[in-house]
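Novice: From the sequence below, what's the structure:
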Amino acid sequence: MRHLGPIAAFLLACASAPAAAQDVAARPGALAAALAAAEPGAVLNLAPGIHEGPLVLDRPVTLACRPGAVIDGRGQGSVITVTASDVTLRGCGIENSGRAHETIDSGVRLLEGADRAVIEGNRLRGNLYGVDIHGARDARVARNVIEGGQEQHVNRRGNGVYVWNAPGAVVEGNDIRWGRDGIFVNTSRDNTFRNNRFRDLRFAVHYMYANDSEVSGNLSVGNDLGYAVMYSRNVRITGNASIGDREHGIMLNYANDSVIEGNLVRNGENRCLFIYNAHRNRIAMNRFERCDIGIHFTAGSERNAITGNAFVGNRTQVKYVGSKWVEWSDAGRGNHWSDFAAFDLDGDGIADAPYRPNDSMDHVLWTQPAAKLLLGAPAVQLVRWAQHAFPALLPGGVIDGAPMMQAVEPSLPDWEIRHDG
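Specialist: Numbers count the residues shown, from 1 in each chain. Below is the predicted model:
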């Protein structure tokens with residue numbers, strides 16, 4: 001009996017010890033055979049070369065690829081489908097998925113039950129969708145290069161990362177290019193999307209019916225639209241940059257109770273910020289610079305706090321069509337306007353007079369674009385002078401009661417990603 005204690009301890013140690021790593025050669029059938037024989041917790045080291053897919057990972061395993069190892073889906077469905085929890089894919093080339101949107105053919109699909117999956121440091125190229133997190137909880141998709149195919153029109157491509165009903169998903173440090181949307185999230189919550197770079201896409205980040213989430217430190221360059229939050233609430237959009245995005249840098253459409261803070265939108269061809277029927281949001285300490293329109297505010301959006309922002313060098317700082325005054329300062333602090341020749345005699349950093357970025361002639365020009373031909377006419381200049389001299393003549397619009405003398409200058413997010421290939 002006195003020997004049972006050491007024997008039990010030995011058996012327990014064997015049971016809890018990690019499985020030994022196994023090398024897998026790049027030859028037909030080798031990876032499928034290794035997966036079929038793998039015990040839970042096994043680590044498969046894939047040798048350089050082509051490994052045949054598609055694969056289904058139905059037990060907790062780690063696929064760790066040597067430099068030059070590629071898993072090829074041969075154009076059939078998803079390259080790797082994960083149904084088990086605690087699976088890790090690291091350092092692999094993952095290529096050549098099918099092209100069916102109906103089955104969301106992807107480089108990697110994480111289905112319900114694939115909780116705590118880690119997809120890290122991979123190169124996903126030429127797949128319809130990059131990574132599809134479809135019902136899996138607490139997934140982590142980090143430091144991957146995700147490049148979609150360019151053979152189809154952008155609206156027929158798949159998303160870099162598609163998140164559906166995946167609470168706790170974290171998508172960070174990825175370089176995403178040539179898809180439809182960089183990250184498309186639908187019907188989800190408690191997600192974090194941070195420190196990614198997005199290029200040559202329709203939307204960088206696209207929210208639909210997703211709540212209680214974070215979008216931070218991302219860089220969107222040259223996309224149709226940067227950050228679109230639609231039909232969602234309690235989303236924090238902080239410290240991001242949109243550089244040269246064509247339609248909107250940031251769009252809030254039926255987005256409520258959210259924070260948009262410390263972002264930089266620069267050189268947009270259309271609107272830096274578009275707000276449509278969005279309520280109770282805090283929009284603070286952002287810089288909207290050199291867009292055709294700094295902020296387009298429409299459709300009865302109410303109870304938004306707009307404070308501490310800088311509107312710099314936009315062709316039109318504010319486009320707002322309404323018949324009542326909307327105050328854009330909060331707790332005695334407004335925004336900075338590059339076209340406002342303000343004075344600050346008491347040196348408190350707040351201009352001594354309020355700023356009204358629009359007048360009745362702006363309303364005429366927005367509703368009747370042909371009237372731009374009359375901009376230089378003496379009658380137009382007389383109307384604008386009269387409204388400036390006698391503000392009571394104005395029909396309503398935006399007023400900043402405490403304009404800031406200095407502009408905030410959010411920095412570009414640091415972007416650094418290291419990968420092979």
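Novice: which secondary structure element contains Asn223?
Specialist: Under DSSP states H and E, no helix or strand contains Asn223.
Novice: Check whether it really touches Arg246, as I assumed.
Specialist: Yes - applying CB atoms under 8 Å, one finds Asn223 in contact with Arg246, separated by 7.3 Å. In this view, the C-beta of every residue, glycine as well, is placed from N, C-alpha and C.
Novice: Would you mind telling me which of these two has the busier surroundings?
Specialist: A side-by-side neighbour count of Asn223 and Arg246, using other CB atoms under 10 Å, places Asn223 first with 26 against 13.
Novice: Need the three-state assignment for the nearest residue to the more buried one once chain neighbours are set aside.
Specialist: Leaving out its chain neighbours, the residue that sits closest to Asn223 by CB to CB, 6 or more residues apart in numbering is Leu201, at 4.6 Å. When classified by DSSP: H, G, I helix; E, B strand; the rest coil, Leu201 comes out as coil.
Novice: And Ala100, by the same measure?
Specialist: Three-state call for Ala100 (three-state DSSP): coil.
Novice: ok, how many other residues are close to it?
Specialist: 13.
Novice: Gly121 too?
Specialist: Applying other CB under 10 Å, we find 20 other residues in the vicinity of Gly121.
Novice: Pretty sure it sits against Val141.
Specialist: No - contact criterion CB under 8 Å: Gly121 and Val141 do not qualify, at 10.6 Å.
Novice: Low-confidence ranges, the stretch 151-300 of the chain, go.
Specialist: Regions of the stretch 151-300 of the chain meeting the criterion pLDDT under 70 cover residues 299.
Novice: quick one, helices of the protein?
Specialist: 4-16, 30-37, 360-367, 378-389 (DSSP state H).
Novice: Endpoints of stretch 121-139, how far apart?
Specialist: 14 Å (CA to CA, to the nearest Å).
Novice: same question but for stretch 138-157, I mixed them up
Specialist: Stretch 138-157 end-to-end distance (CA to CA) = 26 Å.
Novice: in terms of contact, does the residue nearest to Asn223 touch Val221 like I think?
Specialist: No - counting by CB under 8 Å, Leu201 stays clear of Val221, with 9.6 Å between them.
Novice: So which of those two has more stuff around it?
Specialist: Taking neighbours as other CB under 10 Å, Leu201 and Val221 compare with Leu201 leading, 29 against 19.
Novice: dump the residue contacts of that one.
Specialist: Leu201 makes contacts with Val154, Gly160, Ile176, Arg177, Trp178, Gly179, Arg180, Asp181, Gly182, Asn223, Asp224, as judged by CB atoms under 8 Å, 6 or more residues apart in numbering.
Novice: give me phi/psi at it?
Specialist: Backbone torsions of Leu201, given as degrees, to the nearest 10, read phi -130, psi 170.
Novice: what separates it from Glu172, distance-wise?
Specialist: 17 Å (CB to CB, to the nearest Å).
Novice: With Glu214 instead?
Specialist: In this structure, Glu214 and Glu172 are 10 Å apart, going by CB to CB.
Novice: Overlap in contacts, these two.
Specialist: Counting by CB under 8 Å, 6+ apart, the contacts common to Glu214 and Glu172 are Thr192, Phe193, Arg194.
Novice: which residues does Val131 bridge with?
Specialist: Val108, Val161 (DSSP bridges).
Novice: wait, doesn't Pro67 sit right on Pro48?
Specialist: Yes - the criterion here is CB under 8 Å, and Pro67 meets it with Pro48 at 6.5 Å.
Novice: Distance check, the spatially closest residue to Cys65 that is not a sequence neighbour against Pro60.
Specialist: In space, and not counting its chain neighbours, Cys65 is closest to Cys92: 3.8 Å by CB to CB, 6+ apart. Relative to Pro60, Cys92 is positioned 17 Å away (CB to CB).
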